[in-house]
Every structure is written in structure tokens, then in C-alpha cells.
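Engineer: Provide a 3D model corresponding to the input given below.
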Amino acid sequence: MVSQEQRRRQLAREKFLRQQQRRTEARRKARLRNSVIASVLGVVVIGSVALYTTGVLKNDDDKKTNAGAEVTPSPTPSGKAQDPCKKPASGSVEKLSWKKEPAMTIDTSAKYSLKLATTCGDIGIALKTSAAPHTVNSFDFLAGKGYFDHTKCHRLTTQGIYVLQCGDPQGTGMGGPGYTLPDENLKDKSLKNNIYPAGTVAMANTGQKHTGGSQFFLVYKDSQLPPSYTPFGTIDAAGMKVLNKIAAAGESTGGGDGAPNATVVIDKATVTKS
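Structural biologist: Below you'll find the predicted structure:
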């Protein structure tokens, strides 16, 4: 049973999230307006729309969020693009939660990889174990518990930044494992000029420090972001083809940020030590 104190904290947290979303939307509209003005003046602005930092990549564990030059065409209002993915495997999402970060059990000197077997194809990810040990250890723990199995990737962003966001068992952007993780590897050598390059896998968060949970984003085109999101993996070539297929199908709102038209479900997530 939820105590009065727990309920009070939950309500306060939900109020905070609503405030962050309103602020994010206001910033997004202002930046989109500015980009239109620039185009009228003949200034070509490509990929410079700033990230909705606490909205798009919000670890709505909160997230958490919430991860190229060309803007992916949005679907027309007349209907969604054809779904390029298969039906999800049978099964349902486990409702799991923990009060604190799991104890460190991985070998931080070893190599680990994450395989996301999705309805759209397999996405292989080489994990940055030594640079982000807490994050990799958490993924090893959660994957071993089946936490990610049968979960939807709930958000695709096709304007300003180019990311697919996953890792929320609720599929709403509000789910998490019950604990948060410290930020790690924010000075990774791959992050240059505030660009998260295509192929990066990073943690979503609330916009505050050390608020990562289970939600993460996969970058399918170079995306300008502040170095505030733990980069903990790199997608393999086959996985990038899958990710680009998902992106090509567009998102549901036509506005550049919404649920993917593709039915992206993680049938099984597996972490392997090599």
C-alpha cells in the first residue's frame, strides 16, 4: 500500500514533470520559429535546432527522454507510414522495481555487449564498460531480470535531434526501475562540439544530474546535445540499418517528436560478457 508520504512525493514529482514539459515545449516552439525566420532570410540552418533537453530525452523515470544534416520527412496527416516491423513475440512486460542501484557484479576490465532483439531486427551494442561501469552493471542486472523484455520504444525524434528512445516498461516515458544512476563518461572522446554522433547509445534523464534510470536513446544521425547524457555504448552496422529503417517510417504526430510509426518492441534484451 502506498503511504501518504509516498503519495505526496509522487504528486510533487508529477507536478515537476509537467512544469518541465511546459518549459520544454515553449523552448521548442521558440527555436522552431527562429529557424523558420532564418530560412526566410536565406540562411540555411541544418541540424541547429537545439535539443529539448529535458523533454525529448527526459528519463521520464522520471527519464529521464527523451538521442545529420537532413531532416527526416514527417508522415502526411492523411495516415501513418507503412509499419516495416513484425508483430511482437508473445509475452507481457514484467512490473519490476527496486529501491536502490544493484551492487556491482560485472568485471569492469572485461568487454560486454548488449543485444536488443526487436520486432524490427536485432540491434547489437558494444558497451563502454570501463568508462560507464554503473550504467553497464545496471543494464546487465535489468536485462538478466527480463526488465526490458516486451517493452516498446516509445519515442522517435526526427527534427533537431535524431534519436529513438526506449527502456520504459510503461511505454509512456514515465517508467523506471525505482533507482537512479550517476552520470558517467560525459567527457567521452566521441563527443565533440556537443555532438552525439550517429551510433551512440546514451542514458536519458530528467535534465538534472544523476537522474538516469532505465530509459536510453539510440542516435541514428549526428545530434547536437549538451554533454549531459551518459554515453555507454556504440551500435553495430547491422543495428544501424535497423535503426534507420525505424526512423524512415517516421513518427505519429507529424511534428517531429512522437511515437514511432514502426512497431518497435524489444522482444528480448541480453547482456553478454566476452
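Engineer: hey, let's count contacts and neighbours off CA atoms from now on
Structural biologist: Noted.
Engineer: Which residue ranges of the stretch 101-250 of the chain form helices?
Structural biologist: 133-144, 237-248 (DSSP state H, counting those that start in this stretch).
Engineer: what about Thr157, how many neighbours?
Structural biologist: Using other CA atoms under 10 Å, Thr157 is surrounded by 27 other residues.
Engineer: Correction: the previous question concerned Arg155.
Structural biologist: For Arg155, the neighbour count with other CA under 10 Å is 27.
Engineer: Ok, Gly121 next?
Structural biologist: 21.
Engineer: and of the helices of the stretch 101-250 of the chain, who's closest to Pro226?
Structural biologist: helix 133-144 (18.9 Å; CA to CA).
Engineer: Same question for the closest one: list its buried residues.
Structural biologist: 133-143 (16 or more other CA atoms under 10 Å).
Engineer: on that earlier part again, could the helices of the stretch 101-250 of the chain be laid out in JSON lines, adding mean pLDDT and distance to Thr211?
Structural biologist: Below are the helices of the stretch 101-250 of the chain laid out as JSON lines (pLDDT from 0 to 100; distance: least, CA to CA, whole Å):
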{"stretch": "helix 133-144", "mean pLDDT": "98", "distance to Thr211": "12"}
{"stretch": "helix 237-248", "mean pLDDT": "98", "distance to Thr211": "26"}
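Engineer: Tell me how far Ser92 lies from His150.
Structural biologist: 6 Å (CA to CA, to the nearest Å).
Engineer: One more: Ala202?
Structural biologist: Using CA to CA, Ala202 is found at 20 Å from His150.
Engineer: cool, and Thr211?
Structural biologist: For Thr211, the distance to His150 (CA to CA) stands at 24 Å.
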